[in-house]
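Asks: Give me coordinates for this.
(2 chains)
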Amino acid sequence: MRVTSLPLAVTAYTATSALGLGLNAHLDALCQQRSGLRPNDFSSMPLPCWIGRVDGVEDVALPAAQAQWDCRNNRLAWLGLRQDDFLDHVHAARERYGAMRVALLLGTSTASIGATEEGYRRLEAGRLPADLRRRDIHTPHSLTAFVAAGLGIGGPCLTVSTACSSSAKVFASAERLIRLGLVDAAVVGGVDSLCDSTLFGFNALELVSPQPCRPFDAARRGISIGEAAGFALLERAHAQPQAPLQLLGCGESSDAHHMSTPDPSGVGAELALRDMFDRAGIDASRVSYINLHGTASQKNDAMEAALVARLFPAATRVSSTKGLTGHTLGAAGIVEAVITLLALREGFVPGNAGVIEPDPLCSAHFAWRNETRPLQVALSHSFGFGGSNACLAFARARQAA
Amino acid sequence: MNALHVQVKGIGLCSPHLADFHALRGLLAGELPAVATTRAHASALSPNERRRAPQSVLVAIEAASQAVAMSGYAASGLACVFASAYGDQATTDYMCNLLARAPTELSPTRFHNSVHNAAAGYWTIATDCRASSSATCAGNASFGAGLLEAAVLACADHRPVLLVCSDDAGVGPLGELIGSTQFFGCALVLSPGTDTGIQLRLAVTASAPRHPPLPADCLAWMHSNPAAAALPLLAMLATGAGDCVLGATQLLGLHAQVETKA
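Replies: Model prediction:
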């Protein structure tokens, strides 16, 4: 049975990453093609690689009422929530609809695992140390529980943790809740912070580059891990007709191929795209720009370059921005959704940063440098471990179906 | 709030004392629970995958297989939601231990098993399922929140959906803090409401969780694993009627009503 998405107004959005705090910092870095990557100065033991670290996370103080959730990931969440008047927008939505009519759906891959790691480094007689004996932070729901309390959200709250597609899939969950009328608005987003688990874990899989990552470069050597927080407020488009940007639809699929590598045929990724096209009522010819998953892993980039060449007309421009932010894992979906929204708002295609020599697999769709052009419909791709795929379609409101 | 109507087409259950849904029916009818087992079968996995997969994945997949078999649907076409409060606690304990002393010795397989969507990944690979799959959590409300997500997916997209909710027994310093002491997995196949079979009506409510009386064993199991919060609903499904309120968030409940229509 064909399902049609409910167009949703994106009434507020924000991102905080290695590029800086909030939308202006991101726009500035995108326009300058200024990378936020730096040599790894984070892991508990040396690991020669580059990371996308957010400055100042350590100094953030959570509200006193939420002190039990204090940890790096939630400090990053709170830093991110305080950018671009996002708290005021959520407050207004709560006033408009009532706290129970606003949902919270956040993606994260590792949540506050960094605090659990720290506890194991400082065990006291075989137990977690007293200051970290807090159940609230040793759970993957730590982020969402903290943000729900911090924002006073009274509606459904859920953590989606599907690795690198987490904070893209939350848009699909929000759209369903609003379409069925269970809520009137949803705060979506995601936060992932640097931790040993992902740095040494991806290192064990030989997926971490010793250099700054170079998505779609012929000589790419793997990912650079970053951290980020991002959020968006979604409401029915007809309730916010003046909002300039909309979510047209989401598509989801599974690869059914392998736990840690994408299906090289791209069948799963293509299914997610086609699901999104069907729901949004568009086809590939309508797409002006795609912010690619583009991790700089050998296999993802080869699969995704072939997917673009196979499915999209020559007029569609594509790029990965992970050369600037690093791969922010569970936060990548929302950070790249925000970059896609900025590209639509400003009428530009961000260049595919980090490339020295493009992979010959890449078609003429790739924008290696920034391009100024009006965009009508733009997509964001997210493909995660376990073969979890999600594609999002955004549009300027006058183009909405 | 708007109510959701779904039909329960399949039910799966896997715990040390309850090998399947039939065993719960027996317990509710006054039979003694089985002698505890320590490992889930998860025969849906290939022998190779079964060796690589951690216990948390085996529990989830065993429950999922039972529910899908009862439903009569092909697993390959079912959208799925895998809910778990803590994911794989044994893998988390292993990783945090190793990261504290020799991080470069981390096993790549143990790392990819650590993602919260490991069970969803193994399941979709084993069943050749390319439909959407998700992995969710909501603390102690993980079952109620996962049920809401799955029922919304079924109703919004007019399609059958597999919900799995499972948690493993904890180990090490993390296990000591969390207090999940034995594994529990359950699964439901939900399809958009029809007029026959076991009907489930769900509505979000401000009411606190409550449920009809349950055998003492069930109450004890509910304290020993967050996924066992499903037991009141599973007991209602076993008897074909009843209502309860499940936790959906820290503040919100999910009012569940079961009735059977011929």
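
Asks: Does stretch B:144-159 reach chain A?
Replies: Yes: Stretch B:144-159 is in contact with chain A by Cβ under 8 Å from any Cβ of the partner chain, via B:145-146, B:148-149, B:152-153, B:155-159. Placement of C-beta: from N, CA and C, glycine included.

Asks: ok, which pair from those is furthest apart?
Replies: B:Ala145 and B:His158 (21.9 Å; Cβ to Cβ).

Asks: if we can go back for a sec, tabulate the residues of stretch B:144-159 next to chain A (CSV), appending secondary structure, distance to A:Thr108 and pLDDT.
Replies: As requested, those are exported to CSV (DSSP: H, G, I helix; E, B strand; the rest coil; distance: Cβ to Cβ, whole Å; pLDDT from 0 to 100):
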residue, secondary structure, distance to A:Thr108, pLDDT
B:Ala145, helix, 15, 98
B:Gly146, helix, 16, 98
B:Leu148, helix, 19, 98
B:Glu149, helix, 16, 98
B:Val152, helix, 21, 98
B:Leu153, helix, 20, 98
B:Cys155, helix, 26, 97
B:Ala156, helix, 24, 97
B:Asp157, helix, 24, 97
B:His158, coil, 30, 97
B:Arg159, coil, 27, 97
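
Asks: quick revisit: please identify which of B:Ala145 and B:His158 sits among more neighbours.
Replies: Taking other Cβ atoms under 10 Å in any protein chain shown, B:Ala145 and B:His158 do not tie; B:Ala145 has more neighbours (30 against 11).

Asks: residue contacts, the more buried one?
Replies: Applying Cβ atoms under 8 Å, 6 or more residues apart in numbering or on different chains, we find B:Ala145 in contact with A:156-158, B:83, B:136-138, B:248-249.

Asks: Could you tell me how many residues sit around the nearest residue to it once chain neighbours are set aside?
Replies: Nearest-residue entry for B:Ala145: B:Ala138, 3.5 Å, with adjacent residues in sequence omitted and distances by Cβ to Cβ, 6 or more residues apart in numbering or on different chains. Neighbour count of B:Ala138, defined by other Cβ under 10 Å: 30.

Asks: ok now do B:Ala138, which residues does it touch?
Replies: A:141, A:144, A:157-159, B:83, B:85, B:144-146, B:248-249.

Asks: Equivalent analysis for A:Gly107, please.
Replies: Neighbours of A:Gly107 in contact, by Cβ under 8 Å, 6+ apart: A:159-162, A:165-170, A:189-190, A:330-331, A:333-334.

Asks: so of those, which ones are in helices?
Replies: Secondary structure defined by DSSP state H assigns A:166-170, A:333-334 of the contacts of A:Gly107 to helices.

Asks: Can you name the residue of chain A nearest to chain B?
Replies: A:Gly386 (2.8 Å; Cβ to the nearest Cβ).

Asks: Please settle this for me: is that residue part of a helix?
Replies: Yes: counting by DSSP: H, G, I helix; E, B strand; the rest coil, A:Gly386 is located in a helix.

Asks: ok, and the closest non-adjacent residue to it?
Replies: Closest to A:Gly386 by Cβ to Cβ, 6+ apart is B:Gly121, at 2.8 Å.

Asks: Which strand or helix spans B:Leu200?
Replies: Secondary structure from DSSP states H and E places B:Leu200 in strand B:197-205.

Asks: And the contacts of that strand?
Replies: A:100, A:155-156, A:182, B:1-9, B:147-148, B:151, B:190, B:193, B:237, B:240, B:245, B:248, B:252-261.

Asks: what helix or strand does the residue in the stretch 1-150 of chain B that chain A sits nearest to sit in?
Replies: In the stretch 1-150 of chain B, the residue that lies nearest chain A is B:Gly121 (2.8 Å; Cβ to the nearest Cβ). Using DSSP H and E, B:Gly121 maps to helix B:118-127.
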